[in-house]
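Student: I'll drop the sequence and a predicted model, then ask my questions.
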Amino acid sequence: MVRMSTATSRRTLIIGCGYVGLATGALLAAAGDAVFGLRRSADGSDALRAAGITPLLGDLTRRDDLHRLPGPFDRVVNCASSSRGGAVEYREVYLEGTRTLLDWLRIHPPSKYVHTSSTSVYAQDDGSVVDEGSPAAPRGDTGRLLRDTEDLLVAAARDHGFPAVVLRVAGIYGPGRGHLFQQLVRGEARISGGGTRHMNMIHRDDVASAIAAVLDHGEAGGIYNCVDDTPVTQLGFLGWASCELGRPLPPHATGAEVAARKRGLTDKRVSNAKLRALGWSPRFPGFREGYAEAVAAARPTGTGPTGT
Ligand SMILES: NC(=O)c1ccc[n+]([C@@H]2O[C@H](COP(=O)([O-])OP(=O)(O)OC[C@H]3O[C@@H](n4cnc5c(N)ncnc54)[C@H](OP(=O)(O)O)[C@@H]3O)[C@@H](O)[C@H]2O)c1
């Protein structure tokens, strides 16, 4: 469990208050923070309010929108995503967006700033264990833009004392999310490249508690991997989930399907030791615990784990 702070009146801004941002804001609000959640559309405002978060409308890439926010804020978390997208969107939301945010926050710097990056920056393809000291040299444009954004924040911490912390987040799953599992339930999953590649995952609620942990204890300029304890091969995951759902293993992907995969065929096992050393531990140490609810909901009525 993360050690929660006892402060009662900190003003915390969550930029990009979507899937992870909402869960994080709810956690921080329950711990006593005054939480504000920024997004461009009002779609989620009711859900934010229900979680104790004050919704704010604005675009992080627009300087004027930022200057209109009811700051200053004691702590800032950037959970905005490019909604997948390509290099153009990545550049706009992550790299240029972060430049704009740094410029805005120069006036009233927060005591901590957390940026959610991705473990996709590790390009290792040999199944090795990677930690924050391992090379992070992504091959694609989008990965390089994520790294450039991290570099910008680490340099701001080093050169200007800006209290930025980077969290490299693994594949997020949780209520309503979990791409491969959902594909399996729909009968669309495919075993890719023999299924030997490792998947690194993290439950949404554990991302939220990790953000809370680095807000309280993360070192300025530090990078932390945010991942559970259980990297698993694709075949291992599909084998377990198929068995739990009482289904046969899905078929193997064709060569064309494998080639079309966007993230590239990295294969690594990402370590969470550095984050754990801050006092954080995942509530869901692996996919078996984290997917238990989704498995139960997807099982045909009246069947057990083996479909009988
Ligand atoms: N999903 C994964 O598996 C994964 C893996 C590694 C890292 N991450 C990172 O984890 C973070 C959180 O991901 P998530 O799944 O919670 O994303 P999400 O559900 O897509 O939420 C992102 C939020 O950002 C808002 N947003 C996007 N552009 C914005 C802008 N220009 N100004 C203000 N708000 C903006 C969106 O709302 P509006 O559209 O209304 O603005 C949305 O509420 C992201 O940084 C993502 O890159 C995700």
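Tutor: That came through fine.
Student: Point me to the residue of the chain nearest the ligand.
Tutor: Gly18 (2.0 Å; C-beta to the nearest ligand atom). Placement of C-beta: from N, CA and C, glycine included.
Student: quick one, what contacts Lys268?
Tutor: Shown in contact with Lys268 (C-beta atoms under 8 Å, 6 or more residues apart in numbering): 122, 124-130, 198, 200, 231.
Student: now it, nearest residue through space, not along the chain?
Tutor: Leaving out its chain neighbours, the residue that sits closest to Lys268 by C-beta to C-beta, 6 or more residues apart in numbering is Gln124, at 4.0 Å.
Student: related to what we said a few turns ago, which among the contacts of Lys268 count as buried?
Tutor: Buried by 16 or more other C-beta atoms under 10 Å: 122, 124, 130, 198, 200, 231, out of the contacts of Lys268.
Student: what's the nearest residue to the fourth one if we skip its chain neighbours?
Tutor: Nearest residue to His198, sequence neighbours excluded (C-beta to C-beta, 6+ apart): Pro231, at 4.6 Å.
Student: Quick check: the one you found touching Asp267?
Tutor: No - Pro231 is beyond contact range of Asp267, at 9.8 Å (criterion: C-beta atoms under 8 Å).
Student: any common contacting residues for these two?
Tutor: His198.
Student: And the pLDDT for Ala220?
Tutor: pLDDT, Ala220: 98.
Student: who's in contact with the closest residue to it other than its chain neighbours?
Tutor: Residue nearest to Ala220 in three dimensions, not counting chain neighbours: Pro163, with 4.2 Å by C-beta to C-beta, 6+ apart. Neighbouring residues of Pro163 by C-beta under 8 Å, 6+ apart: 109-113, 157, 220.
Student: Mind checking which of the residues you listed are in helices?
Tutor: In helices, defined here by DSSP state H, the members of the contacts of Pro163 are Ala157.
Student: element containing Pro250, please.
Tutor: Assigned by DSSP states H and E, Pro250 falls within no helix or strand.
Student: Setting aside sequence-adjacent positions, which residue approaches it most closely?
Tutor: Distance criterion C-beta to C-beta, 6+ apart; nearest residue to Pro250, sequence neighbours excluded, is Ala189 at 4.1 Å.
Student: contacting residues for that neighbour?
Tutor: Residues counted as contacts of Ala189 (C-beta under 8 Å, 6+ apart) are 180, 183, 238, 250.
Student: Any of these buried? List them.
Tutor: Buried members of these, scored by 16+ other C-beta under 10 Å, are 180, 238, 250.
Student: my guess is the last one contacts Leu238, does it?
Tutor: Yes - in terms of C-beta under 8 Å, Pro250 counts as a neighbour of Leu238; the distance is 6.2 Å.
Student: Spell out which residues are contacts of both of these two.
Tutor: Listed as contacting both Pro250 and Leu238 by C-beta under 8 Å, 6+ apart are 184, 189, 191.
Student: Export these as JSON lines, with columns for distance to Leu101.
Tutor: Output for the shared contacts of Pro250 and Leu238, formatted as JSON lines (distance: C-beta to C-beta, whole Å):
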{"residue": "Leu184", "distance to Leu101": "38"}
{"residue": "Ala189", "distance to Leu101": "38"}
{"residue": "Ile191", "distance to Leu101": "41"}
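Student: Pull up the residues of the chain that are close to the ligand.
Tutor: Neighbours of the ligand within the chain, by C-beta under 6 Å from any ligand atom: 16-21, 38-41, 59-61, 79-81, 83, 93, 116, 118, 169, 171-172.
Student: In ChimeraX, how would I select just the buried ones from those residues?
Tutor: To isolate the buried members of these in ChimeraX, using 16+ other C-beta under 10 Å:
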select :16,17,18,19,20,21,38,39,59,60,61,79,80,81,93,116,118,169,171,172
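Student: Please narrow the residues of the chain next to the ligand to those residing in strands.
Tutor: Among these, the ones falling in strands (DSSP state E) are 38-39, 116, 118, 169, 171-172.
Student: Spatially, which two of those residues are the most separated?
Tutor: Leu38 and Gly171 (24.5 Å; C-beta to C-beta).
Student: Quick check: pLDDT value at Leu265.
Tutor: 81.
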